[in-house]
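J.: coords below, sequence missing:
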């Protein structure tokens, strides 16, 4: 029996991964970004998915993301990732779960997706790949994203962003775009990519197209955060997104989605295992990852999520216009640290939390801009806790980290990329 996203999230920590997507602006308007290289993109997504598997139970991949592409670049990257043996292994092990729509009229949600995706650029949806997805769908775990066609309330997140896109667009163009969005919503009940993207392509203007595609991606991220919580839409540093929060239903706590980024978790592991970690994790086989996702891993995962929740309660300070003054104010710092301990478990090791917060705040703002703020923050934590905030050690983290170290030390595959500092 098919279950909903909400039902799955009751007993599993779930991430929604949208970077591997037909709506990724980097693949839609590549001329607006640094050069994209196919093999590097495949490894980039493999790295992210492997990292996410170490602190989430399930990684949700929406069917639109892997089939509704409208560019050769997105097609090539997405197809190469999804057709990889390691991706199939993640699906087979139940780590990657597919999310579809339309179960109220046809439970074969991958076939629903194939039919919808053929509306625009059907030449990109090659038969071998559609057949591969249909085969993959038979071994996959499934959840229902929406029982009917599309997301009716997505327009409420997209329309305001388009209205604010003066600069690339003239006022009359924005009016035309919002009219198009409204007509599409009235016609089919949602603002789908197959309906909207053909009109954007007719602009023949990469800057304007990128502005719209970025707004669309941001609006989808925000929609996911509000409508699919406590599932976490994953934010990576490669696509600039606004600070987005969501409510964790099981404890009613609000967290910042940025803090769940694999970029942050990567920094966490780099501190522990050193610069060779990145090349080693890409050589690990999925079965090796699965074998260490046991009781020690469960405790590690929950503790790491507790740190994120605690960091969420204080990360606002780095974005405050008077951040430096606030952090040098002893009363404010005492209140912040009290809040950290209230948010985290009673026995949270502040040294581990300090290391996480340092990486979190660096990702949020960029070291070049907020570096002095972070340094003051760490110094204040150190002076009050009496320990070094850079250490990442905790008795409940250690058993799993030791197992992970043994796997990284002897991966069964080939090292695929050179080590980087």
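T.: That came through fine. A quick note: this is a predicted structure, and the numbers were derived from the prediction, not measured. Numbers count the residues shown, from 1 in each chain.
J.: Please confirm that residue 223 is located within a helix.
T.: Yes - under DSSP: H, G, I helix; E, B strand; the rest coil, residue 223 falls within a helix.
J.: does it really touch residue 153, like I thought?
T.: Yes - taking contacts as CB atoms under 8 Å, residue 223 lies within contact range of residue 153: 7.1 Å. Any C-beta I mention is one placed from the backbone N, CA and C, and that applies to glycine too.
J.: Comparing those two, which residue is more hemmed in?
T.: More neighbours surround residue 223 than the other of residue 223 and residue 153, with 18 against 12 (other CB atoms under 10 Å).
J.: Could you list which residues are in contact with that one?
T.: 151, 153-154, 157 (CB atoms under 8 Å, 6 or more residues apart in numbering).
J.: Go through those and name the one with the lowest pLDDT.
T.: Minimum pLDDT for the contacts of residue 223 is recorded at residue 151 (89).
J.: Spell out the secondary structure type for the closest residue to that residue other than its chain neighbours.
T.: The spatially closest residue to residue 151, leaving aside those adjacent along the chain, is residue 190, at 5.4 Å (CB to CB, 6 or more residues apart in numbering). Under three-state DSSP, the three-state class of residue 190 is coil.
J.: Number of residues surrounding residue 190?
T.: Neighbour count for residue 190, taken as other CB under 10 Å: 18.
J.: per-residue confidence for it?
T.: Per-residue pLDDT puts residue 190 at 94.
J.: State the distance from residue 18 to residue 303.
T.: Computed as CB to CB, to the nearest Å, the residue 18 to residue 303 distance reads 26 Å.
J.: the more surrounded of these two?
T.: The neighbour comparison of residue 18 against residue 303 (other CB under 10 Å) goes to residue 18, with 23 against 20.
J.: Pretty sure the more buried one sits in a helix.
T.: No - going by three-state DSSP, the assignment for residue 18 is coil, not a helix.
J.: Give me the phi and psi for it.
T.: With angles defined as degrees, to the nearest 10, residue 18 sits at phi -110, psi -10.
J.: Same check on the one 5 residues further on?
T.: Taking degrees, to the nearest 10, you get phi -100, psi 10 for the backbone angles of residue 23.
J.: And for it, the neighbour number?
T.: 23.
J.: ok, for it, nearest residue in space, not its chain neighbours?
T.: In this structure, residue 23 finds its nearest non-sequential neighbour in residue 217, 5.3 Å apart by CB to CB, 6+ apart.
J.: Assign a three-state SS to that neighbour, would you?
T.: Residue 217 ends up helix, using three-state DSSP.
J.: So what's the residue count around it?
T.: 22.
J.: Report pLDDT for the spatially most central residue of the chain.
T.: Closest to where the C-alpha atoms of the chain average out (CA atoms, centre = their mean) is residue 234, at 1.5 Å. Note on residue 234: pLDDT of 94.
J.: So it sits against residue 15, correct?
T.: Yes - in this structure residue 234 lies within contact range of residue 15 using CB under 8 Å: 5.1 Å.
J.: For the two, list the residues in contact with both.
T.: 52, 260.
J.: Run through the chain and note the low-pLDDT ranges.
T.: Within the chain, the stretches with pLDDT under 70 are 1, 249-252, 313-328, 330, 332-396, 412-421.
J.: if we look at stretch 207-220, which residues are touching it?
T.: With CB under 8 Å, 6+ apart, stretch 207-220 has contacts from 18, 21, 23-25, 28-29, 32, 154, 157-158, 161-162, 165, 167-169, 173, 177, 193, 196, 200-201, 203, 239-242.
J.: What of stretch 75-90?
T.: So stretch 75-90 is contacted by 20-22, 27, 36, 38, 41-42, 45-46, 49, 53, 59, 65-66, 69, 96, 124, 126, 129, 132-133, 136, 139, 285-287 (CB under 8 Å, 6+ apart).
J.: Of those, grab the buried ones for PyMOL.
T.: Applying 16 or more other CB atoms under 10 Å to the contacts of stretch 75-90, the buried members can be selected in PyMOL as follows:
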select buried, resi 20+21+22+27+41+42+45+46+49+53+59+65+66+69+96+124+129+133+136+286
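J.: Out of the contacts of stretch 75-90, list just those in strands.
T.: Per DSSP state E, strands hold the following members of these: 59, 96.
J.: Filter the contacts of stretch 75-90 down to just the ones in helices.
T.: Among the contacts of stretch 75-90, the members falling in helices (DSSP state H) are 27, 38, 41-42, 45-46, 49, 129, 132-133, 136, 139, 286-287.
J.: how about those residues in JSON lines, adding distance to residue 108?
T.: Below are these laid out as JSON lines (distance: CB to CB, whole Å):
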{"residue": "27", "distance to residue 108": "27"}
{"residue": "38", "distance to residue 108": "31"}
{"residue": "41", "distance to residue 108": "30"}
{"residue": "42", "distance to residue 108": "28"}
{"residue": "45", "distance to residue 108": "26"}
{"residue": "46", "distance to residue 108": "28"}
{"residue": "49", "distance to residue 108": "25"}
{"residue": "129", "distance to residue 108": "17"}
{"residue": "132", "distance to residue 108": "15"}
{"residue": "133", "distance to residue 108": "11"}
{"residue": "136", "distance to residue 108": "13"}
{"residue": "139", "distance to residue 108": "14"}
{"residue": "286", "distance to residue 108": "26"}
{"residue": "287", "distance to residue 108": "29"}
